[in-house]
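Provide a 3D model corresponding to the input given below.
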Amino acid sequence: MSEKYTKWVTAWGNAISITERRPENYAKNITLRYPVKMMLNGDKLRITLDNFCGTEPVTLTCANIARSCGDNFIDTETLCELTFSGSRSVTIPAGDSVTSDAADFPVNKGDDIAVSLYFADFTEMRSGVIITGPLSKGFFAVGNQSEQSSLSPDTSKKTSCFYFLSGIDVHTAESSRTLICYGDSITAQA
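Below you'll find the model as predicted:
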């Protein structure tokens, strides 16, 4: 008997704070890619982007999700563009957050997906969280590489900062639940 999906549950999330202040406080023409393991079965996904610690608005040019093939690789056959009130681009006011529209993207517990975000204009890189240990699989790349199967090794690097991405919700079964953990060593699996 197949499960009936009836509610939204946050299946992945983190607490956004002020990222470490560095000279590269601003970025332009940058793709961020975050592989994430799904912990619930579901038929739809939506993401939350957070500019909680920002002092100015940031504009996301485009975002998508796809099945992760490990490291910074995605299966482009599964690429699904995300929209925000029907638009590919969205401006997140300082101190605020936005949630994408629901995207038809079936997942099973244990699946790896990747969220890719592209920011064309100067963007204040202030709202994020540093994730260390085995969960620190973030990447950034110069240019719009959000739909590329892999990020170019000549223009990309790993990062332990997850900027803006604060939640992934799964449309799932009524019986599905989430456990929230706080604490550096526990959540980082160090």
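
Now residue 107. Nearest residue, chain neighbours left out?
residue 38 (4.5 Å; CB to CB, 6 or more residues apart in numbering). Heads up, the C-betas are built off the backbone N, CA and C, glycines and all.

Verify the contact between that neighbour and residue 112 for me.
Yes - here residue 38 reaches residue 112: they are 7.4 Å apart, a contact under CB atoms under 8 Å.

Show the residue spans covered by the helices in this protein.
In the chain, the helices defined using DSSP state H lie at 184-188.

who touches the closest residue to residue 173 other than its chain neighbours in this structure?
For residue 173, ignoring the flanking residues on the chain, the nearest one in space by CB to CB, 6+ apart is residue 3 at 4.3 Å. Contact partners of residue 3, counting by CB atoms under 8 Å, 6 or more residues apart in numbering, are 41, 172-173.

so where is the protein shaky, pLDDT-wise?
1-2, 19-24, 132-136, 179-190 (pLDDT under 70).

between residue 38 and residue 112, who's got more neighbours?
Taking other CB atoms under 10 Å, residue 38 and residue 112 do not tie; residue 38 has more neighbours (21 against 15).

and that one, what are its phi and psi?
With angles defined as degrees, to the nearest 10, residue 38 sits at phi -80, psi 140.

Against residue 138, how distant is it?
17 Å (CB to CB, to the nearest Å).

For residue 111, see how far away residue 150 is.
19 Å.

ok, now residue 7?
In terms of CB to CB, residue 7 sits 19 Å off from residue 111.

The two: which is more packed in?
residue 111 (17 against 13).

In this structure the more buried one contacts residue 40, no?
No - Residue 111 is beyond contact range of residue 40, at 9.7 Å (criterion: CB under 8 Å).

tell me, how many neighbours does the closest residue to residue 73 other than its chain neighbours end up with?
Closest residue in space to residue 73, ignoring its immediate chain neighbours: residue 150 at 4.7 Å, by CB to CB, 6+ apart. Residues contacting residue 150 under the criterion other CB under 10 Å number 17.
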